[in-house]
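Q: kindly generate the corresponding structure for this input.
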Amino acid sequence: MQRISNMLKNIIRLELFSVKPEDHLSQVVRIMKDRNVGSVLVCDDTQKSIGIITDRDLVLRCLAEDKSIHTCNARDVMTPSPRTVKDTDGLYDCIRAMHDAQARRIPIVDYQGKALGIVSFGDMLSILSKEFTNLIETTTHPLELKKAEKKGVAA
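A: The predicted model follows:
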């Protein structure tokens with residue numbers, strides 16, 4: 001069995017979808033649609049995260065207030081100063097940050113604070129489920145696993 005490091009930079013696909021604070025929401029929406037993501041980071045000129053925009057932010061801070069995505073900009077709807085975790089942090093650090101911030105998405109930054117990507121609750125759930133599967137496979141006798149497979153249940 002191959003073990004993976006629990007440092008985020010080794011297990012998360014770091015892909016940055018970001019906009020500038022002055023970009024129109026029509027651009028934000030286009031990025032979210034084209035990339036099939038539920039959030040984008042708002043970054044300054046040095047690529048440091050100054051905010052995050054989620055699909056929920058768009059609905060509550062723009063559409064629900066009858067504002068146009070063509071006249072509003074990212075700064076108008078972003079959640080400012082999001083909690084971040086470093087790419088060298090571990091899974092537990094990320095879970096703790098999500099819990100403390102009551103957020104389902106956390107920006108990942110490097111040691112200089114430059115934004116690298118976002119980790120979502122779904123990403124974390126996927127990683128943890130793989131780790132639990134590995135744990136079950138290494139701690140359960142092969143005969144028990146076969147019996148469980150025949151019954152259609154997890155060991």
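Q: surely Arg75 is in a helix?
A: Yes - with DSSP: H, G, I helix; E, B strand; the rest coil as the criterion, Arg75 is part of a helix.
Q: so it touches Cys43, yeah?
A: No - taking contact to mean Cβ atoms under 8 Å, the distance of 11.9 Å between Arg75 and Cys43 leaves them out of contact. No exception for glycine: its C-beta is placed from N, CA and C like everyone else's.
Q: same drill for the two, tell me which one is more crowded.
A: The neighbour count for Arg75 versus Cys43, taken as other Cβ atoms under 10 Å, is higher for Cys43 (21 against 16).
Q: quick one: pLDDT of the more buried one?
A: For Cys43, the pLDDT comes out at 95.
Q: excluding chain neighbours, give the residue nearest to it in space.
A: The shortest distance from Cys43 to any residue other than its chain neighbours is 4.5 Å, reached at Ser18 (Cβ to Cβ, 6 or more residues apart in numbering).
Q: show me the contacts for Ile108.
A: For Ile108, the contact set (Cβ atoms under 8 Å, 6 or more residues apart in numbering) comprises 8-9, 12, 14, 84-87, 115-119.
Q: and which of these is nearest to Arg56?
A: Out of the contacts of Ile108, the one with the shortest distance to Arg56 is Ile118. That distance is 14.2 Å, counting by Cβ to Cβ.
Q: can you classify the closest one by secondary structure?
A: When states are read from three-state DSSP, the local structure at Ile118 comes out as strand.
Q: Lys67 too?
A: Assigned with three-state DSSP, Lys67 falls in the coil class.
Q: swap in Arg83?
A: Using three-state DSSP, the three-state assignment for Arg83 comes out as coil.
Q: and the pLDDT at it?
A: With respect to pLDDT, Arg83 has a value of 94.
Q: spatially nearest residue to it (excluding sequence neighbours)?
A: On the basis of Cβ to Cβ, 6+ apart, the spatially nearest residue to Arg83 that is not a chain neighbour turns out to be Ala101, at 3.9 Å.
Q: dihedrals phi and psi, the one you found?
A: Comment: the main-chain dihedrals of Ala101 come out as phi -90, psi -10, following degrees, to the nearest 10.
Q: repeat that for the one 3 residues further on.
A: In this entry, Arg104 is assigned phi and psi values of phi -100, psi 0 (degrees, to the nearest 10).
Q: tell me the contacts of it?
A: 98, 120-121.
Q: and if you look at Val85?
A: Each residue near Val85 by Cβ under 8 Å, 6+ apart is listed here: 8, 93-94, 97, 106-109, 119.
Q: I'm done for today, thanks for sticking with me.
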